[in-house]
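Asks: Give me a 3D structure for the following:
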Amino acid sequence: MVPQLAVATAAEKGYGVVMPLIQRTELSASLAAAAGDDGPKIFLFFGERFLCRRAADELISSLSTAKDGTVYTIDGDREDAPQTLSKLMSFSILPGLQIYRVNDSRLFHSKNLSENLWQKASQAAAADQPQRALRYLADMYHLASIDPQDRQPLSEMSEDQWRQLFGLTKPSDLAWTDEIFTRIQQSTAPAGTVDLADRYIQSFEKGIPANNRLILTAENVDKRKRLFTYSKKSGLIIDCSVAEGGGAAAQRSQKSVLQEMMESTLRDFGKTIDRGAVDLFCERVGFQPVAIVTETEKLALYCGDRDRITLDDLNAMVGRSREDALFELTDHFGKRQLGKTLTTLHHLLENGIHALAVLATLRNYIRRLLIFRSIQLQSSPPYQKGMNARTFQEKYLPGLKEHMEWKEHLGGHPYALFMSFERAAEHQCSTYKAWLAELVDAEFRLKGSGLAEHLILEELITSLHRGHSVLPAELY
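Replies: Residues are numbered from 1 along each chain as shown. Just a heads-up that it's a prediction; the model follows:
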């Protein structure tokens, strides 16, 4: 419970009742207090983009139910932040609440997020999602406070510029960024948005008009920024983030969110789904909240008057839409999970992935492990099997990057590199070379024999799995 003195002080400044940072799942229980006359006037939703927007919709619905008003939706990519602040701090002649909602706000960004944004942009480009990649790259320009007229393609920036503007080492492959640079130039969002934080705080200190509300959503926030701390003390912050990665805990968290989104959508249609279809549905769609909702709606409409969705409905309407399905195959293979590897293989083939594409994915994966294993055999810097992630990132990796011949292979997040190096250390170079030879034989059989593709790939994967035993050291 908040002390009475703190509440009174906050109310005097126009904040209303101070509420703590809460998880997205706790929002429903807090809506009544948030929508009251003494509720907070500043709301921040951060984390997964779709979940932020959905939770913000829920809050706005509650606010509008409690008191009529007007919602002004602002695109953070094109926001004139000083103008938004000016409107928020002005008294309106219109009746009811005046709700200013800024989607994808940049107020809580800092240069410390540049590496995270670059990784997300690279992943979006690899997944053929140019619009997402554009948004992340545009954020990098804004964080670096580069005026639109002074912007230049990332590929044309020098090593020193990359370090100075983004705090990053310049990546080797930047050709793809040139393709969307023109679209980034069309962004009208002003540079230096981050510097407005102090102006926001100063204005909030004077007191927000009683009927005005500010709702911000952001995928990435720097929790060390004064504005974040201030918003936490003076308003309500809702954490909509979801654990990332492929670990068991992260996958459980992701699956829980997907099931929640699916069940919520089905309730709106008055439908249920067979228990056996739920896991398959989540596995096929993957962690894509937007796709989960749209695919669930498609299933519900397909069922017509029937109240229950069956496995047959799922097979008829929902294909395997995961963009990272091929990479999931290599993940299971690398973890020596033969059963899951073969199951994923069958899903890929059933959904139209060409056998040669599967083969190419395995080839690229094994080549990468071979390169990393070869790097580990260099005398300088010395690789020590079993080193922890911190030692790898702070000592071993910087030493590697001094060798220009390896630099193109060392892009990506340091922890992802650490995990790849750990996996590469499990075998000798001769093992990886033998695997590549088996892949060549399998490719000849796929192209020239009359055998079924799935049989050739199953035999290949099973054979490679048997070769997971580590060879003697003398066979380096």
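Asks: need the helices for the stretch 1-150 of the chain, in chain order.
Replies: Using DSSP state H, counting those that start in this stretch, the helices of the stretch 1-150 of the chain run over 4-12, 27-35, 49-66, 81-88, 114-126, 130-143.
Asks: residues making contact with the second one?
Replies: Taking C-beta atoms under 8 Å, 6 or more residues apart in numbering as the criterion, the residues outside helix 27-35 that touch it are 17, 19, 22, 39-40, 43, 55, 58-59, 62-63, 65-67, 236, 238. All C-beta spots, glycine's among them, are computed from the backbone N, C-alpha and C.
Asks: The chain: strands as residue ranges?
Replies: 22-23, 42-47, 69-75, 97-103, 212-218, 236-240, 272-273, 308-309 (DSSP state E).
Asks: Turn those into JSON lines, including mean pLDDT and mean neighbour count.
Replies: Formatted as JSON lines, those follow (pLDDT from 0 to 100; neighbours: other C-beta atoms under 10 Å):
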{"stretch": "strand 22-23", "mean pLDDT": "90", "mean neighbour count": "13"}
{"stretch": "strand 42-47", "mean pLDDT": "93", "mean neighbour count": "25"}
{"stretch": "strand 69-75", "mean pLDDT": "90", "mean neighbour count": "15"}
{"stretch": "strand 97-103", "mean pLDDT": "94", "mean neighbour count": "21"}
{"stretch": "strand 212-218", "mean pLDDT": "93", "mean neighbour count": "24"}
{"stretch": "strand 236-240", "mean pLDDT": "93", "mean neighbour count": "24"}
{"stretch": "strand 272-273", "mean pLDDT": "90", "mean neighbour count": "16"}
{"stretch": "strand 308-309", "mean pLDDT": "91", "mean neighbour count": "18"}
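Asks: I'd like to know which of the ones you listed is closest to Q378.
Replies: The closest of the strands of the chain to Q378 is strand 42-47. By C-beta to C-beta, the value is 40.8 Å.
Asks: partner strands of that closest one, parallel or antiparallel?
Replies: strand 212-218 (parallel), strand 236-240 (parallel) (DSSP bridges).
Asks: got the angle for the shortest one vs helix 27-35?
Replies: If I follow you right, that is strand 236-240. 160 degrees (axes from the mean of the first three to the mean of the last three C-alpha atoms, to 10 degrees).
Asks: Taking helix 49-66 as reference, get the angle to strand 236-240.
Replies: 140 degrees.
Asks: Touching strand 236-240 from outside, list them.
Replies: 19, 21-24, 27, 30, 34, 39-40, 42-48, 51-52, 55, 228, 231.
Asks: re earlier: give me the buried entries from the contacts of helix 27-35.
Replies: With burial judged by 16 or more other C-beta atoms under 10 Å, the buried subset of the contacts of helix 27-35 is 17, 19, 39-40, 43, 55, 58-59, 62-63, 66, 236, 238.
Asks: Relative to A210, which of these is nearest.
Replies: Of all the buried ones among the contacts of helix 27-35, A210 sits closest to G39, with 11.2 Å by C-beta to C-beta.
Asks: Of the strands paired with strand 42-47, which is nearest I375?
Replies: Closest to I375 of these is strand 212-218 (C-beta to C-beta; 37.9 Å).
Asks: got the angle between that closest one and strand 69-75?
Replies: 30 degrees.
Asks: Export strand 212-218 to CSV, keeping only CA atoms.
Replies: What follows is strand 212-218, C-alpha atoms only, in CSV (Å, rounded to 0.1, in the frame of the first residue of the first chain):
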residue,chain,number,x,y,z
ASN,A,212,-5.7,14.7,-19.8
ARG,A,213,-4.0,11.3,-20.1
LEU,A,214,-0.8,10.2,-21.8
ILE,A,215,-0.4,6.6,-23.0
LEU,A,216,2.9,5.5,-24.5
THR,A,217,3.9,2.2,-26.0
ALA,A,218,7.5,1.2,-26.7
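Asks: Number the chain from 601, please
Replies: Shifting the count to begin at 601 puts that one at strand 812-818.
Asks: quick revisit: now render the strands of the chain as TSV, adding distance to Y983.
Replies: As requested, the strands of the chain are exported to TSV (distance: least, C-beta to C-beta, whole Å):
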stretch	distance to Y983
strand 622-623	41
strand 642-647	36
strand 669-675	48
strand 697-703	46
strand 812-818	39
strand 836-840	38
strand 872-873	49
strand 908-909	52
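Asks: picking that back up, which one of the strands paired with strand 642-647 lies closest to M917?
Replies: Among the strands paired with strand 642-647, strand 836-840 sits nearest to M917 (C-beta to C-beta), with 28.2 Å.
Asks: and the closest one, how far from the chain's centre?
Replies: 17 Å (C-alpha atoms, centre = their mean, to the nearest Å).
Asks: got a pLDDT number for R763?
Replies: With respect to pLDDT, R763 has a value of 80.
Asks: Surely it and M757 touch.
Replies: No. Counting by C-beta atoms under 8 Å, R763 does not reach M757; the two are 9.9 Å apart.
Asks: what touches both of these two?
Replies: With C-beta under 8 Å, 6+ apart, R763 and M757 have common neighbours K770.
Asks: More neighbours: the two, which one.
Replies: Just comparing R763 and M757: by other C-beta atoms under 10 Å the higher neighbour count belongs to M757, 17 against 13.
Asks: Please list all residues in contact with that one.
Replies: Contacts of M757 (C-beta under 8 Å, 6+ apart): L765, K770.
Asks: could you measure it against A724, distance?
Replies: Distance of M757 to A724, given as C-beta to C-beta, to the nearest Å: 20 Å.
Asks: quick one on the thing from earlier: distance to G767 added to the strands paired with strand 642-647, as CSV?
Replies: Shown next, in CSV, are the strands paired with strand 642-647 (distance: least, C-beta to C-beta, whole Å):
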stretch, distance to G767
strand 812-818, 20
strand 836-840, 25
